[in-house]
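In: How does the following fold in three dimensions:
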Amino acid sequence: MVAQLTEMARGLPPESTQQAVGYPSLFLLVALGALVPVVPTGAVVSSAAVVAVHQTAPFALLFVFLIASLAAFVGDVTLYWLGRRGVGSHNGSRWLAALRGRAAPDRLEQAQEKLAEHEVTVLVLSRLMPAGRIPVMLACLLARMELGRFMRGDAPACLAWAATYGLIGILGGSLFARPWQGVVAAVALTVLVGGAPAVWRRMRQAGTRRQA
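Out: Here you go, the predicted model:
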């Protein structure tokens, strides 16, 4: 997916690239990525922001920010609603089981402790922490948080998330003259931001095992 975005940015002029990526495509990709981990949503938003930087159309960046925020919110709320159905059912659900499978036990335990202490704040920050969204969402489900309360906390979280990755795209788009170069830079920075904490945790765990 990221390679396709880069290729489109490389081969097409700015306005045609904007049309090829498209606001509907941005919405669908981000909403889908919020439901299932098959789309690198941060990279998609950053790439769209890079393209918007090179556009002559007014408010292009604002549209990217609003659409990405809305899509992330819709995806989160849909996933939470599906998870709540599993919590309320004696047989559970495949969505709740999938959330459990994506949340490491230690991260879930930390999320539950922090949620009990700083409920709304943790929910707002969950999207900004690498691999933090699913454990916090699962902790909210297990605590049987009402959908309305989850939505009130998730809305600013989605706004902050879209702004963060949009700024990464703006940085990449501003540093390079051609859109495809900015896309490559934004994607690389997005991967670094999202993957570095996980690599660090694995290195620490490996060091702990060696010491043991």
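
In: which residues of this protein score low on pLDDT?
Out: For the chain, the stretches flagged by pLDDT under 70 are 1-21, 56-57, 88-92, 176-183, 185-212.

In: What are the boundaries of the strands in it?
Out: For the chain, strands defined by DSSP state E do not occur.

In: Provide a list of residues in contact with the nearest residue to residue 110 once chain neighbours are set aside.
Out: Once flanking residues are discounted, residue 110 sits nearest to residue 135: 7.3 Å by C-beta to C-beta, 6 or more residues apart in numbering. All C-beta atoms are positioned from the backbone trio N, CA, C, and that covers glycine. Applying C-beta atoms under 8 Å, 6 or more residues apart in numbering, we find residue 135 in contact with 103, 104, 107, 108, 110, 111, 126.

In: Am I right that the first one is in contact with residue 140?
Out: I take that to be residue 103. No: counting by C-beta atoms under 8 Å, residue 140 is not a contact partner of residue 103; they are 11.5 Å apart.

In: Let me see the ranges of the helices in this structure.
Out: Counting by DSSP state H, the chain has helices at residues 2-11, 14-21, 23-35, 41-53, 60-87, 94-102, 105-117, 119-125, 133-142, 147-175, 179-211.

In: Could you list which residues are in contact with residue 136?
Out: Contacts of residue 136 by C-beta under 8 Å, 6+ apart are 111, 114, 115, 122, 123, 126.

In: Using JSON lines, lay out the contacts of residue 135 together with distance to residue 145 and neighbour count.
Out: Shown next, in JSON lines, are the contacts of residue 135 (distance: C-beta to C-beta, whole Å; neighbours: other C-beta atoms under 10 Å):
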{"residue": "103", "distance to residue 145": "15", "neighbour count": "21"}
{"residue": "104", "distance to residue 145": "21", "neighbour count": "13"}
{"residue": "107", "distance to residue 145": "18", "neighbour count": "19"}
{"residue": "108", "distance to residue 145": "15", "neighbour count": "18"}
{"residue": "110", "distance to residue 145": "17", "neighbour count": "16"}
{"residue": "111", "distance to residue 145": "12", "neighbour count": "26"}
{"residue": "126", "distance to residue 145": "12", "neighbour count": "25"}
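
In: List just the nearest of these to residue 148.
Out: Using C-beta to C-beta, residue 126 comes nearest to residue 148 of the contacts of residue 135, at 17.4 Å.

In: Can you tell me how far that closest one is from residue 161?
Out: 9 Å (C-beta to C-beta, to the nearest Å).

In: For residue 36, give me phi and psi.
Out: Per-residue torsions, residue 36: phi -130, psi 140 (degrees, to the nearest 10).

In: count of residues packed around it?
Out: By the criterion of other C-beta atoms under 10 Å, residue 36 has 12 neighbours.

In: mind starting the numbering at 36 from now?
Out: Okay, using 36 as the starting number, the last item reads as residue 71.

In: so how far is residue 176 from it?
Out: 17 Å.

In: still on that earlier bit, what is the most widely separated pair among the contacts of residue 170?
Out: 139 and 161 (14.4 Å).
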